[in-house]
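Asker: This is a predicted model, with the sequence first.
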Amino acid sequence: MKLVTFTHNQQSRIGAVIGDSVIDSLGCAEIPANLIDFLKAGPDALAAMQQQIDSGKARIALPEVKLEAPVPRPGKYLGISLNYADHIAETGRDKPEYPSFFTKQSSCVIGHGSSIHRPRVSDKLDYEGELAFVIGKQCRHVSVDKAHQVIAGFTIANDVSVRDWQMRSPTMMIGKSFDTCGPLGPWLVTADEISDPHNLAISTWVDNELRQKANTRQMIFNCYEMIAYLSQAMTLEPGDVIATGTPAGVGVKMQPRGYLKPGQIVRIEIEGIGILANPVIEEPQD
């Protein structure tokens, strides 16, 4: 199932995408209006959404809705750094002994089609195409072999980074958390539809130029190992987003630098999920 958060007629709620249509949940009391509550409701909410799909009713043409991020305000948004060997090589860093995580503030999150702002204070705006997963169950101390049971589904992340601000802090947080620096989407593909998240092709284009091309099998720490590691320290909750790292090809390592410019479009495609695309504009003055 492809779950979406969308806005139609100035009202936001969740639905499911079938072909070129969105299955609307409006009026269905069994389907919560936001994805976090939907995940907390568990199998009952999924069953209600499936009934809505099977009914053949409440369909809206996909171009008529605005897709929001699947989880517009995750409780936690964590990203892992240096998780592809080729990206480590291009940075000149050593392979990490342990997973290294940073936080993106949830106010940075935007959806498919929304604009990434090049900030007034920097022109060093960069992209990072990544697979992301969303936690579906509250959990702590999860073993690697059971970690798949707590994943609700998978989406695409663009870990947009303001590189000079990123280097101002050892945690990288501020340079990762500028407004609009967290595109997610276009939807959440439920985990049952992704047979192996560790064998998915991933590509990033800036306009028509292919910048990144890799496969998630090249990750150093896989999704399940990330969950096992994080859950030793903190409770993971429904709706938490974890981005799994980016392969080689980021703009900061190009010669000349391939930083994003207003008028460009960043497009990330991951096999089995879809395409996340966002235009780049100057940060508005108001």
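Answerer: Noted; the coordinates are in hand.

Asker: neighbouring contacts of stretch 18-28?
Answerer: By CB atoms under 8 Å, 6 or more residues apart in numbering, the surrounding residues in contact with stretch 18-28 are 2, 4, 6, 8, 11, 13-17, 31, 33, 48-49, 52-53, 58-63, 65. From N, CA and C alone the C-beta is placed, and that goes for glycine too.

Asker: Could you list the buried residues of the lowest-mean-pLDDT helix or strand in the chain?
Answerer: Least confident helix or strand of the chain, by mean pLDDT, DSSP states H and E, is helix 85-91 with a mean of 86. Going by neighbour count (16 or more other CB atoms under 10 Å), the buried part of helix 85-91 is His87, Ile88, Glu90.

Asker: Same question for stretch 111-124.
Answerer: Gly111, His112, Ser114, Ser115, Ile116, His117, Arg118, Pro119, Ser122, Lys124.

Asker: And for the third one, nearest residue in space, chain neighbours not counted?
Answerer: Closest residue to Ser114 in three dimensions, ignoring its sequence neighbours and counting by CB to CB, 6 or more residues apart in numbering: Asn278, at 6.2 Å.

Asker: Asn199: which of the buried residues of stretch 111-124 is nearest?
Answerer: Proximity of these to Asn199 was ranked by CB to CB; the top entry is His112 with 23.9 Å.

Asker: list the contacts for that closest one?
Answerer: Leu67, Ala69, Pro183, Gly185, Pro186, Ile275, Leu276, Ala277, Asn278.

Asker: what's the answer for Tyr84, then?
Answerer: Tyr84 makes contacts with Ala214, Gln218, Met219, Ile220, Gly245, Thr246, Pro247, Ala248, as judged by CB under 8 Å, 6+ apart.

Asker: If we use 6 Å, what do you get?
Answerer: Tyr84 is in contact with Gln218, Gly245, Pro247, counting by CB atoms under 6 Å, 6 or more residues apart in numbering.

Asker: Filter these down to just the ones in strands.
Answerer: Among the contacts of Tyr84, no residue falls in strands (DSSP state E).

Asker: okay if I get these as CSV plus distance to Ser177, neighbour count and pLDDT?
Answerer: Output for the contacts of Tyr84, formatted as CSV (distance: CB to CB, whole Å; neighbours: other CB atoms under 10 Å; pLDDT from 0 to 100):
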residue, distance to Ser177, neighbour count, pLDDT
Gln218, 26, 16, 95
Gly245, 17, 25, 97
Pro247, 22, 25, 96
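
Asker: got those as CSV, with distance to Gln232 columns?
Answerer: Converted to CSV, those look like this (distance: CB to CB, whole Å):
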residue, distance to Gln232
Gln218, 25
Gly245, 19
Pro247, 27
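
Asker: now, among the residues you listed, which is nearest to Lys261?
Answerer: Checking the contacts of Tyr84 one by one against Lys261 (CB to CB), the nearest turns out to be Pro247, at 22.0 Å.

Asker: pretty sure that closest one contacts Thr216?
Answerer: No - Pro247 is not in contact with Thr216 according to CB atoms under 6 Å; the separation is 9.0 Å.

Asker: Good, we can wrap up now.
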